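>>> Give me a 3D structure for the following:
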Amino acid sequence: MAKTTASYEVMVIFSLNKGEDGIKALVEKFKSMIESAATLENVDEWGKKKLAYEIDYQPDGYYVLYTFTSGPEFPAELDRVLRITDGVLRSLITVK
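Predicted coordinates for the structure are as follows:
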């Protein structure tokens, strides 16, 4: 049976409290995690933007959009790691 793959997007908002180096490290961490288990198509760094509402008393966040193709089991693992990673304010994984 052929392995099914789908195209996904994950929008991540990182905390600015980590500082520039901390944010770069987090962006790279998830980039390499996606590359190790899926086919990374694009990393689109939107940069610092004002949040619609404060999250953990923070008015701004650093937005990054990852686009990748993978099997159906990887997004669940990625979501689990995003939820437990210090410095991630919000994340949303969607099927394209």
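>>> tell me, what residue is most central in the protein?
Centrality entry for the chain: nearest residue to the mean C-alpha point is V12, 3.8 Å, by CA atoms, centre = their mean.
>>> contacts for the host helix or strand of it?
Assigned by DSSP states H and E, V12 falls within strand 6-14. Residues from elsewhere that reach strand 6-14 (CB atoms under 8 Å, 6 or more residues apart in numbering): 23, 26-27, 30, 34, 38, 41, 51, 55, 61-70, 72, 75, 78, 82, 87-96. C-betas here are computed from N, CA, C, even on glycine.
>>> where's that strand relative to the chain centroid, distance-wise?
Taking CA atoms, centre = their mean, to the nearest Å, one finds strand 6-14 lying 5 Å from the centre of the chain it belongs to.
>>> what's the average pLDDT for the longest strand along the chain?
Looking across the chain with DSSP state E, the single longest strand is strand 39-55. Confidence over strand 39-55 (mean pLDDT, whole number) is 95.
>>> Not counting its own residues, what contacts that strand?
For strand 39-55, the surrounding residues in contact (CB under 8 Å, 6+ apart) are 5, 7, 13, 16, 27, 31, 34, 58-70, 89-90.
>>> Sheet partners, orientation included, of that strand?
Its sheet considered, strand 39-55 pairs with strand 58-70 (antiparallel) by DSSP bridges.
>>> Going by neighbour count, which residues in the partner strand are buried?
Going by neighbour count (16 or more other CB atoms under 10 Å), the buried part of strand 58-70 is 61-64, 66-68, 70.
>>> Just put those residues in TSV and tack on pLDDT and distance to G47.
Compiled in TSV, the buried residues of strand 58-70 are given as follows (pLDDT from 0 to 100; distance: CB to CB, whole Å):
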residue	pLDDT	distance to G47
G61	96	10
Y62	97	7
Y63	97	7
V64	97	9
Y66	97	15
T67	97	17
F68	96	20
S70	95	26
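>>> And the closest residue to A37 other than its chain neighbours, how close does it get to A6?
Distances taken as CB to CB, 6 or more residues apart in numbering place F74 nearest to A37, at 4.9 Å, with adjacent residues excluded. For F74, the distance to A6 (CB to CB, to the nearest Å) stands at 10 Å.
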